[in-house]
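here is a sequence together with a model predicted from it:
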Amino acid sequence: MSLKRVNTVLVAAFVLFILWFGTEFVVSPEVAAEGFGLPRPPAGDGGGFLVVKGIRDIVLALVLAVLLVTGHRRALGWVLLVEAFAAYGDMATVLAHHGSVPVAFLVHGLTATAMAATGLLVLRETREARGARGGAVAPSPAPRTQAATPAA
């Protein structure tokens, strides 16, 4: 199986997982909050913050999906690296608020690390593809010269 195919499967899995997780936070925030790793859901009207987290996750997934579907592989690799910081941020949030250490590391930390590793793999794939083509940019044609006009 080619590196590109493996990367495509990994990214598609991330898209589906992040969409599912984000949708859970929008549809049923109190239930989803239990799996996030914080010690208790927000009190009062704090559930709105959970919906915001869900919307953030859905948008992150859609960005990956658009780049995957449109074939912008190099941008996809960079975005995976950047989006890994959201998962590392979730891990830090759980740890800072005395949440579940296993969930912080095994869910958020592992997800972030897997996203970063996949981003690096996609960047490697694109670098290898450029090398196989002999460079990133096709040579430009020689400039055209204008024919000499007869003197009047």
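Now that the structure is in, tell me what you want to look at. Residues are numbered from 1 along each chain as shown.

from here on, contacts and neighbour counts on C-alpha atoms
Fine.

host element of the spatially closest residue to residue 76 that is not a sequence neighbour?
Excluding the flanking residues, the one nearest residue 76 by Cα to Cα, 6 or more residues apart in numbering is residue 67, at 5.6 Å. Taking DSSP states H and E as the criterion, residue 67 maps to helix 47-70.

by contact count, what packs against that helix?
helix 3-27, helix 29-36, helix 73-96 (3 or more Cα pairs under 8 Å, 6 or more residues apart in numbering; DSSP states H and E).

next, the angle from the helix or strand of the chain with the lowest mean pLDDT to helix 73-96.
Ranked by mean pLDDT, DSSP states H and E, the weakest helix or strand in the chain is helix 29-36, scoring a mean of 84. Helix 29-36 runs at 90 degrees relative to helix 73-96, counting by axes from the mean of the first three to the mean of the last three Cα atoms, to 10 degrees.

pull out the buried residues from helix 29-36.
29, 30, 32, 33, 36 (16 or more other Cα atoms under 10 Å).

for the most centrally placed residue in the chain, give me its contacts.
The geometric centre of the chain, computed from its C-alpha atoms, lies nearest to residue 80 (Cα atoms, centre = their mean), at 3.4 Å. Going by Cα atoms under 8 Å, 6 or more residues apart in numbering, residue 80 touches 64, 115, 116, 118, 119.

can you tell me how far it is from residue 116?
6 Å (Cα to Cα, to the nearest Å).
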